[in-house]
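Novice: Following is a predicted model, sequence given first.
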Amino acid sequence: MSQSHDKDLVQAVQPFRSGVAHFRASSIEHVDVYYEEPTILMTSDQHWDVVSNAVYGGGFSSASAAVNVRVPLDYASDTPAFDYVQWLQQGKLSEQHTAGFMTAAKLTHAAFCEWTDDDFALLVMATAGTSNAARAGMNRVTYAGYHAGTINVFIWIDGRMSQAAMVNAMMTATETKCSALADLQIIDKETNRIATGTTTDAMFLAASQATTYRHEHQYAGTATTLGCQLARLVYQSIYTAVATQQQD
């Protein structure tokens, strides 16, 4: 039987704008988030299965932390992973179990959404700067190295997922990003058309694989309960982060 959760309001919060330096997820007890300029550290006391396009530690991996480092808007590098090792060493973080990201967006404006269900719990965080907004599928100026800008999305799923479902969830989240930017009328200045993202977007998706959940999710498209709720949280997190990026 199909279910609808439209009556349930999904709201994003931006705790760091009010001076808070520590955010603890209520939906997932094993994840804490710490803000200290120029970093947001998301950390867990256990290892999670991860898929990401992180500049450091990307691909399929096992991780207990994700770090979002703010860099200058004019940051450009052919070796961002090497730069990241220096930051990890300075912060005394594990190089083996950390996924590293960069952004030029305001970390204070990170937007969080949470959700709990019978077969999973969700925590989503987005940071967003759209100065390099771009529409995929159009010809444009390209770069060999890494240039900052970026919508970064971090998704923690307390639940059991196949690798295929994790990739499916990344697809769902990416489609959702496009929807949020379209509704916000974010324009690619090179083509003067609605942007689908920025030129340097990144995403982190972690699954706890906790055995307390009997059901393993094989799919995470928008017709699944998991995919539907994930999309709603990703939408609201990105929408809020982008909409407030110019505010104090």
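Specialist: Thanks, I have it. Residues are numbered from 1 along each chain as shown.

Novice: OK, contacts around residue 32?
Specialist: 22, 23, 24, 25, 42, 43, 44 (CB atoms under 8 Å, 6 or more residues apart in numbering). Yep, even glycine has a C-beta here, placed from its N, CA and C like the rest.

Novice: 6 Å instead?
Specialist: 24, 43 (CB atoms under 6 Å, 6 or more residues apart in numbering).

Novice: Can you show me the CA trace of the helix or strand harbouring it as PDB?
Specialist: Residue 32 is part of strand 31-36 when elements are defined by DSSP states H and E. Output of strand 31-36 as PDB, limited to C-alpha atoms (Å, rounded to 0.1, in the frame of the first residue of the first chain):
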ATOM      1  CA  VAL A  31      26.900  11.400  14.500                       C
ATOM      2  CA  ASP A  32      28.100  14.800  15.800                       C
ATOM      3  CA  VAL A  33      28.900  17.900  13.900                       C
ATOM      4  CA  TYR A  34      31.500  20.500  14.900                       C
ATOM      5  CA  TYR A  35      32.000  23.900  13.400                       C
ATOM      6  CA  GLU A  36      35.300  25.800  13.800                       C
END
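
Novice: Which residues are in contact with residue 21?
Specialist: Residue 21 touches residue 35, counting by CB under 6 Å, 6+ apart.

Novice: any idea how far it is from residue 158?
Specialist: 24 Å (CB to CB, to the nearest Å).

Novice: before we move on, what about residue 194?
Specialist: When residue 194 is compared with residue 158 (using CB to CB), they lie 34 Å apart.

Novice: okay, the two: which has more neighbours?
Specialist: Neighbour count, other CB atoms under 10 Å: between residue 194 and residue 158, residue 158 has more, with 26 against 16.

Novice: What lies in contact with the longest helix along the chain?
Specialist: Looking across the chain with DSSP state H, the single longest helix is helix 163-183. For helix 163-183, the surrounding residues in contact (CB under 6 Å, 6+ apart) are 51, 194-197, 203, 205, 207, 217-222, 227, 230-231, 234-235, 238-239.

Novice: got the residue ranges for the helices in the chain?
Specialist: Using DSSP H, helices in the chain cover 80-90, 163-183, 225-243.

Novice: Of the ones you listed, which stretch is the most buried?
Specialist: Sort the helices of the chain by mean neighbour count, taking mean count of other CB atoms under 10 Å, and helix 225-243 sits at the top with a mean of 23.
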